[in-house]
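A.B. asks: A structural model of the following input is requested.
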Amino acid sequence: MKRRGFVALAVLFLLLPCLGGRARGGPPFLTDDPEPDEYRHSEVYFFSILDATDSDSTVQVPAFEYNYGILPETQVHVVVPFTCYAAAGNPAEYGFGDVELGVKYRFLQETDDWPQLGVFPMLEVPSGDAGRGLGNGRLWAKLPVWAQKSWGPWTTYGGIGYAVNPAPQQRDYLFGGWLLQRDLSKKLTLGGEIFCQGADSADAEPFALFNLGGFYSFNENLLLLFTGGHTLVGERHTVAYLGLYRTW
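C.D. replies: Residues are numbered from 1 along each chain as shown. So this is what the prediction gives:
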């Protein structure tokens, strides 16, 4: 399948309805937030993600994320994706991708004067076939710190992190972002972010992109999430997210 055909198929997958409380941060954006799930509460996402560059395209479809408030101020996290990958001029590959495991811990609550602060270390488990472009090939980690502040209908959050990736041809790199979003009504929230990342492989370049999106609440426990964005400077990326969120 040529790359243009693959991207068209990826967009078609993203437009398909996915299976599936109000989300405040994190998905559908690349920038995350420090707020964990409430103690003994669960949330699940069924989603698809597109990341297309000039040389290749990756889509996670379908993908599943589960978060659980295992302790006060502490959330465990797992993402299980199926991945479709196509390099320019090559057939697309599809199969099980790398599983993501993490723990989010908020160590400072928000006050009138201070933002809330938290850490969200994650491990990327090499469960996908790296030879087919479906995984990294080795265990690697992301180590971010996030902050968040809200006032009225506005919320802003962001932070910075460092990725440690020992796989062949891969690099350690800095990443970070900042987002501003507003509740336009009881059902609709929209926001925009700037996300930056260093070169993550020997043939990659740093980039900064702008991403717009938000979520629509069918009810307090079921939301539709969506974003779309493109590079501002550096390596060209087109990104998109579509999914359903459910909490209980």
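
A.B. asks: tell me the SS of the residue nearest the centre of the chain?
C.D. replies: Closest to where the C-alpha atoms of the chain average out (CA atoms, centre = their mean) is Leu30, at 4.5 Å. In the three-state summary, Leu30 is assigned as coil, counting by DSSP: H, G, I helix; E, B strand; the rest coil.

A.B. asks: that one - nearest residue in space that isn't next to it in sequence?
C.D. replies: On the basis of CB to CB, 6 or more residues apart in numbering, the spatially nearest residue to Leu30 that is not a chain neighbour turns out to be Phe195, at 4.3 Å. (Glycine included, C-beta is placed from N, CA and C.)

A.B. asks: next up, the contacts around that neighbour.
C.D. replies: With contact set as CB atoms under 8 Å, 6 or more residues apart in numbering, Phe195 has these partners: Phe29, Leu30, Thr31, Phe175, Gly176, Gly177, Ala208, Leu209, Asn211, Gly229.

A.B. asks: can I assume the last one is in contact with Val239?
C.D. replies: Yes. At 4.9 Å, Gly229 counts as touching Val239 under the criterion of CB atoms under 8 Å.

A.B. asks: shared neighbours of the two, which are they?
C.D. replies: The contact sets of Gly229 and Val239 overlap at Leu209, Asn211 (CB under 8 Å, 6+ apart).

A.B. asks: the helices in this structure, which residues?
C.D. replies: Counting by DSSP state H, one finds helices in the chain at the ranges 3-15.

A.B. asks: shaky segments in it?
C.D. replies: Along the chain, the parts satisfying pLDDT under 70 run over 1-24.

A.B. asks: scan it for its longest strand.
C.D. replies: strand 56-71 (DSSP state E).

A.B. asks: for this structure, which segments count as strands?
C.D. replies: If DSSP E is used as the criterion, the strands of the chain fall at 42-52, 56-71, 74-87, 93-96, 99-108, 116-119, 122-125, 140-151, 154-164, 173-183, 188-197, 207-219, 222-234, 238-247.

A.B. asks: quick revisit: can you state the direction angle for the longest strand of the chain and strand 238-247?
C.D. replies: With axes from the mean of the first three to the mean of the last three CA atoms, to 10 degrees as the basis, strand 56-71 and strand 238-247 are set at 30 degrees to each other.

A.B. asks: mind listing what's buried in strand 56-71?
C.D. replies: Buried positions in strand 56-71, judged by neighbour count with 16 or more other CB atoms under 10 Å: Ser57, Thr58, Val59, Gln60, Val61, Ala63, Phe64, Glu65, Asn67, Tyr68, Gly69.

A.B. asks: ditto for stretch 208-227
C.D. replies: Those buried within stretch 208-227 under the rule 16+ other CB under 10 Å are Ala208, Leu209, Asn211, Gly213, Gly214, Phe215, Ser217, Leu223, Leu224, Leu225, Phe226, Thr227.

A.B. asks: of those residues, which pair is most distant in space?
C.D. replies: Taking every pair in these and measuring CB to CB, the maximum separation is 30.3 Å, between Ala208 and Ser217.
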